[in-house]
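**Student:** Mind folding the following:
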Amino acid sequence: MNEENKHIISEAELIARCLAGERKCQEILYRRFADKMYNVSLTYTNDEDEACDILQEGFIKVFRNLERFSFEGSFEGWIRRIIVNTALEFYRKKKREKEVMEEYENISVPNMDTILEKMNAEDVIKMVNLLPSKAAMVLKLFAIEGYNHKEIAEIMEITEGTSKSQLNRARFLFKEAMIKRNG
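**Tutor:** As a prediction, the model looks like this:
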């Protein structure tokens, strides 16, 4: 496959050729999605080396399960789901610190849209990554990936109440950080 054809090959053909074991096509598939999926990985960890590990492990799973892609949705979305699940597995394995659970059920968080509009996504993610790991993970799954509390509870092996509590905790701590940052 020459250099100019690698950009015009369709997803379906690329997948078929990857399944046939064509290494060059596997490299093309990886290069098409690696940057976006690295950014997804980086969303779930504030460490670039860990993000690289998640990306690598995720793409191993992509290639091992490529025959399971059913062409019923976005291929990029399918890869993203694998990367997110890999990040979650990484998080569960790591569990580097136990967090003291606090209930913040009744804390109201004011609308922070005006403050957030002034920040770029990278700054917001950096601030979220400074939150305690469990609270940050719940916030990311809820706000970025769109999971509900029942799904988060199953994924993280916690109760729905803990998921809600951790989301409120993350919002509270994020609000405090925003106030400190912006006066």
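
**Student:** then stretch 168-176 to CSV, C-alphas only?
**Tutor:** Once non-C-alpha atoms are left out, stretch 168-176 reads as follows in CSV (Å, rounded to 0.1, in the frame of the first residue of the first chain):
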residue,chain,number,x,y,z
ASN,A,168,-21.4,15.8,44.7
ARG,A,169,-18.0,15.7,46.4
ALA,A,170,-16.3,16.3,43.0
ARG,A,171,-18.5,19.2,42.2
PHE,A,172,-18.0,20.8,45.6
LEU,A,173,-14.2,20.4,45.4
PHE,A,174,-14.1,21.5,41.8
LYS,A,175,-16.2,24.6,42.7
GLU,A,176,-13.7,25.4,45.6
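
**Student:** List the buried residues of that stretch.
**Tutor:** Buried residues in stretch 168-176, defined by neighbour count with 16 or more other CB atoms under 10 Å: Asn168, Arg169, Ala170, Arg171, Phe172, Leu173, Phe174, Lys175. (Each C-beta comes from the backbone N, C-alpha and C, glycine too.)

**Student:** same deal with stretch 17-31?
**Tutor:** Arg17, Cys18, Cys25, Gln26, Ile28, Leu29, Tyr30.

**Student:** swap in stretch 143-156?
**Tutor:** In stretch 143-156, counting by 16+ other CB under 10 Å, buried: Glu145, Tyr147, His149, Ile152, Ala153, Ile155, Met156.

**Student:** ok, the residue nearest to Asn65 when sequence neighbours are not counted - contacts?
**Tutor:** Excluding its sequence neighbours, the residue lying closest to Asn65 (CB to CB, 6 or more residues apart in numbering) is Ile82, at 7.3 Å. By CB atoms under 8 Å, 6 or more residues apart in numbering, the residues touching Ile82 are Gly58, Lys61, Val62, Asn65.

**Student:** so where does Ile82 fall, helix or strand?
**Tutor:** Remark: Ile82 resides in helix 75-94, with elements defined by DSSP states H and E.

**Student:** right, and the helix or strand after the lowest-mean-pLDDT helix or strand in the chain?
**Tutor:** Every helix and strand in the chain was compared by mean pLDDT, DSSP states H and E; the lowest is helix 113-117, with a mean of 54. Using DSSP H and E, the helix or strand that follows helix 113-117 in sequence is helix 121-129.
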